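Undergrad: When you get a sec, could you give me coordinates for this:
(3 chains)
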Amino acid sequence: MPSDIDQRLALLAGEEEVLEVNGVGEKWTDLGVKPVWRVHVTQPWVVPGLRDRLEGSWDCYSADIVFTNRLFLDRDLGTHITADCEILHARDELGWDLGDPDEVAVCSEIRAAGGTGLYPVDIIARMEASELSACDAFPTPFVIMSFDLETSVAEGHILCAAAIIDRLDEDGSRSSPPEEHMFEGDERAILEGLTSLVRNTDPDLITGYNIDNFDLPKLLDRCEFHATGKEDAAEMFGWGRVPISEAMEKQDQRAPLMPRRDSNSRKWFAAGRCFIDAWWQARMALRPERETLAFVSELLFPDREDLRKLDIDASQMDREWEQRPEEVMQYCMRDALLPWEILDELRIVQRKEALAAVAKVPLDSAVNGTTSQWIDSLVIRLADRSAVAIPRTNRYQRSEQITGGYVHDVEAGLHRWVAVLDFKSMYPSIMINHNICRTTMLDAADRRESGFDEAPTGVRFLSSEIREGLVPALLVDLMAQRDQHKSALNDARAADDERLTLFHDSMQYAVKILMNSFYGVFASSFYRFTHKDIGSSITAWARHNIKRIISELDAEGNSVVYSDTDSVFVSAPISENVPTVRPSEEDGEALQEYLSATTELIEFGHGLSERYSEKGAELEFESGMSAFFSHGAKKRYIGRVFYPHQDMIVRGYETRRTDSFKLLTDAMMQLFERILSNEHEEGVLEVIELVKRVRAGQADAADLVISRGCKGKLRKDGSADFSIYSNPDGLPFVQAARKRIAIGLSFTPGMKVSWVVRSARQSPMRVEPWLLEETGQRVEVYDLDFYARRLSTALGRVTEAFGWSASELLAGNRQMSLFSF
DNA sequence: GACTTACGCCTT
DNA sequence: TGGTAAGGCGTAAGTC
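TA: Numbering: from 1, shown residues only, chains lettered A, B, ... in the order given. A predicted model of the protein is given here:
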C-alpha cells in the first residue's frame, strides 16, 4: 500500500463528478492481488473522461462496461426476466385494461416514474431494479413484422411498400395467418403509414430481405428528404419503442427513437426493437450458391406454388409500376412475407432466443452482436463474484499470429476400411483439463516448482486445486447444461412433444455454439482477459496430443491415413478381397464378407476409442468408412460411410464450393461415385466425354454460372467503390458487380455476384453477370475453351491419382494408356 | 505461346 | 474487434 494512499483517495473523491469512493477489498489483477476501490460518479457518460484522467496514477478496472449491461450483470439477469412491478398502463387488446385512463394523468405518472411519455407498448410498469430477477427460459410469443419496399430505379424514391404482422401464440408457435398491410401513393404517406403500423402493432422483431443495406437506409434517406423538423421526421421513421415526444428531448443514443446504424458494425438498432436481416441469416444458415430472394425461396420451398416467381422485371421497375401497379403490389407483398417464412423455416428466432438465454444477453445481442459480447456477459459476472478485477478491452495492435492445428499429410489414392476418431470438444476440454485462464497463467518469473501444468510452449498454468480459472469453471458449467438439455431433448422426443423438442434442441445447440466460441475469443488479440500465450498454449497442447496418438498408432502398426486438428483416420487390417460396396442380397457370400468387415471395423474403432481416451480427453469413434479417397491434398477427401449410417461425404472439393459451377460439381460428384465403387476407369471415360461435349458447345449456360462474394463500399450517391481491392479491374467478380449496377440493379457490399465467362482469351477475362432471378435474362455465349480447361484441371487433379493428367483429359487420349498394360 | 512464380483474394 | 490451415483461381510479370 503506497504511503500517500489516503491523500490520493481524498484527491480522487474531490473530483467534480465523483460522488463517493468505497473500498471493496482485494481483487486479483494481472499485476497480483491488490486493494480496489469503487468510484461512484454522477452519470454513466463521465466514466470515459475520468478513466482517461486517472490513467497513470491508478489502474482502472470495470471501467469500460456499458451502463445498460451493468444492470444485467449486477442483478444476474438474462434474456427472460420476471418483475415484481406496479402497472401504470396496459393496452385494451390484452383484455386487462386498467379502466379508461386519462392520458394526461397516465403520462404524468410515467414521467414521475422516470419515463418520457406514453410508450407504444403493451404494458408500462414501474419497479425498482431490485424487483427484477432472472427466470427460466421459455419460448417468447414475439410479434414479428416483415416488410419490403419497391423503389424507382430512375429517381430512387419509394413507389410502394408492403408489410406483414405475425403474432406468435403464447407458446411461441405460429397458428393464424399473418395480417397484410399495403402502402402506396404519396411517398410521405407511405413512410407515415409504415411508421404508424410499427407503433400500433409494436413488433419485437423487424425483418425483410437485405433491409440492413437497402430498405432501412432507403427509409432514412427518404425521411431526411421530406422532413421539416425532428418531430416531423419521427412521424415518418420513429420506429423506436419510445414516445414520439422524445424526438424533441434528449435522446438515448443507444436506444433511439429513429433507427440508426452503428458506424463500426453496420448494424441497425432502435429502442426496443430487434432488426433481423433475413438475407444475412439465410446466407449464414444455408450458404446458398446464389443469394437472391428468389433463389433462396426456391431452395427452401420448392413445392410452394403460392411463392412462385411473379413476372416482374426488377431492373425496369418504373415501367412495371406504371403499366401494372397491381401486379407490382402483389410482388411486393410476397417479398414482404417471404423473409419471415425463411426465418421461420430455418428456426432462426428460436435459435437466437436460445443463444441469448444461454449467454444471458438481450435478444438483439444474440442476433446482431459478437462472440466477445456473449463471452463478456458470462465472464464478467463470474469475475465480479470471484474477486477478480475486470481489465479493459485491449486496444493495441495484434501480436504475431499463433500456430494453429496440425494437419497430417494424406497419401494420394483409395484407402479401404477406415475408422474416423475425434476428440470430443477438443479445445474446451484442454482449457478445462489444464485450468487455462488469464487468472491462472503464471508469470515467467514465477519460481514455484509444483502445483501447475506446463504447456509444450513452456507456459505454466496453476492447478485448479490452488485456484480454479474463470474460464474452466464456465466451461464445466456449460458442459453440464448441454447434457441436461440433451437428456430433456430425448425425453421430449420420446413423449412426441414437438414444442419441447424444438426448445431443448435449440438450447443444447446454443450451448455448443457458445462453448466453441471461447477458444476464438481467448486466442484473439483484443479480448480483455486474453494473453498471446493462452491461445498458443491451447493449440500447442492440441498438436502435442494428436501427434502423440498418431505416433503410437504407427508404432502399433496401424496406418494413420489422415488427421486434421482433432481427428485421426485409421486404416483397419481387413482382407483385400472384401468388397467395399455393399453387395446385393442375392450375392449372399460377398454380402456376408462385407457385413463381417463392417462389424470388424466398428469393433476396431471402439477399441481404439477405449485405448486412447483419457479422463477429460475423450477420443470418440465418429464414423466408419468402407472406402476413403484423396488425391493427396490436405482438407480434400471423400468417403463411403456405413457407420453410424450410410452416407457419402465430400470435404473441401469443388462440389462444395460456390465459386465452382454446376457442370463441374455434378461431374465431380459422378466421378467420386465411380471412384468409391472401384470404377474409376468408367469415371475417367465419362469425364473425357463431358469435356468433349463442352468443347463442342453443348453445355447449358445455367450450368456454367460461377458465384463469389464481392466487397466494396456504397457511396452516398449510390455508386459503388471497389478501391478496397488492390487491383479491382483485374477481378472477375468486380466486373460482374459493375455490370449489374450499370443496368440499374441493386448491389450490396459482401453479396455474392454471379457470372458466366464470355472470353478468357484476354486478360483480365471478360464476364457477363448472370441475372436470371432478377431480369429473366440468360447469357447464351460462353468461352468453350475456358470451361473445358477448368473442368479438366479440376477433374484432372483427381484422376491424376489413377494416372490421367489434366492435359490428357483435355486431349481425350494419352501417349500410353494405363489400361493397355 | 507455354510455363513458372508471386501475389491478392475467396472459400472451406 | 473469435481463431488458424490449406487449396485453388486469376492477374501480372518474367523466362525460355
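Undergrad: Now the residue in the stretch 501-650 of chain A that DNA strand B sits nearest to. Nearest residue, chain neighbours left out?
TA: Nearest residue of the stretch 501-650 of chain A to DNA strand B, counting by CB to the nearest atom of the strand: residue A:635, 5.9 Å away. To be clear about C-beta, it is placed using only N, CA and C from the backbone, and glycine gets the same treatment. Leaving aside its sequence neighbours, residue A:635 sits nearest to residue A:652 (CB to CB, 6 or more residues apart in numbering; 4.5 Å).
Undergrad: For the one you found, the count of nearby residues, please.
TA: Other residues near residue A:652 come to 14 when the count uses other CB atoms under 10 Å.
Undergrad: Quick check, it in contact with residue A:638.
TA: No - contact criterion CB atoms under 8 Å: residue A:652 and residue A:638 do not qualify, at 9.3 Å.
Undergrad: returning to that earlier point: which ones are touching the residue nearest to residue A:635?
TA: A:633, A:635-637 (CB atoms under 8 Å, 6 or more residues apart in numbering).
Undergrad: Relative to DNA strand C, how far out is it?
TA: 6 Å (CB to the nearest atom of the strand, to the nearest Å).
Undergrad: do the same with residue A:537
TA: 13 Å.
Undergrad: Would you check how far apart the residue in the stretch 401-550 of chain A positioned nearest to DNA strand B and DNA strand C are?
TA: With CB to the nearest atom of the strand, the shortest gap between the stretch 401-550 of chain A and DNA strand B falls at residue A:407, namely 10.9 Å. Per CB to the nearest atom of the strand, residue A:407 is found 3 Å from DNA strand C.
Undergrad: Who are the contact partners of that residue?
TA: A:563-565, A:634-635.
Undergrad: ditto for residue A:581
TA: Per CB under 8 Å, 6+ apart, neighbours of residue A:581: A:626-627, A:640, A:676-678.
Undergrad: can I assume it sits in a strand?
TA: No - under DSSP: H, G, I helix; E, B strand; the rest coil, residue A:581 falls outside any strand and is assigned coil.
Undergrad: got a list of contacts for stretch A:316-326?
TA: By CB under 8 Å, 6+ apart, stretch A:316-326 touches A:150-155, A:159-160, A:184, A:312-313, A:327-328, A:744, A:775.
Undergrad: related to what we said a few turns ago, return the distance of the residue of the stretch 501-650 of chain A closest to DNA strand B relative to residue A:404.
TA: 13 Å (CB to CB, to the nearest Å).
Undergrad: what's the answer for residue A:461, then?
TA: Separation of residue A:461 from residue A:404 (CB to CB) stands at 20 Å.
Undergrad: pLDDT at the closest residue to DNA strand C within the stretch 601-750 of chain A, what is it?
TA: Residue nearest to DNA strand C within the stretch 601-750 of chain A: residue A:730 (3.2 Å; CB to the nearest atom of the strand). pLDDT for residue A:730: 91.
Undergrad: residues in contact with residue A:691?
TA: Contacts of residue A:691 were listed using CB under 8 Å, 6+ apart, and they are A:788, A:791-792, A:809-810, A:812.
Undergrad: Residue A:461 and residue A:404: which has the busier surroundings?
TA: With neighbours defined as other CB under 10 Å, residue A:461 and residue A:404 compare such that residue A:461 has more, 25 against 14.
Undergrad: Let's verify the more buried one: helix, strand, or coil?
TA: Under three-state DSSP, the three-state class of residue A:461 is strand.
Undergrad: Who is it paired with across the strands?
TA: Under the criterion DSSP bridges, residue A:461 forms beta bridges with residue A:441, residue A:453.
Undergrad: I'd assumed residue A:434 was in contact with it.
TA: Yes - the pair residue A:461 / residue A:434 is scored as a contact, 5.5 Å apart, by CB under 8 Å.
Undergrad: What about the residue nearest the centre of chain A? Give its phi and psi, please.
TA: With distances taken as CA atoms, centre = their mean, the residue of chain A nearest its centroid is residue A:284 (5.5 Å). Torsion angles at residue A:284 (phi, psi; degrees, to the nearest 10) stand at phi -70, psi -40.
Undergrad: go on, residue A:608?
TA: Residue A:608 adopts backbone torsions of phi -60, psi -40, taken as degrees, to the nearest 10.
Undergrad: Is it in contact with residue A:621, as I believe?
TA: Yes - at 6.9 Å, residue A:608 and residue A:621 qualify as touching, with contact defined as CB under 8 Å.
Undergrad: For those two, list the residues in contact with both.
TA: A:419, A:421.
Undergrad: could you say which helix or strand contains residue A:38?
TA: strand A:32-41 (DSSP states H and E).
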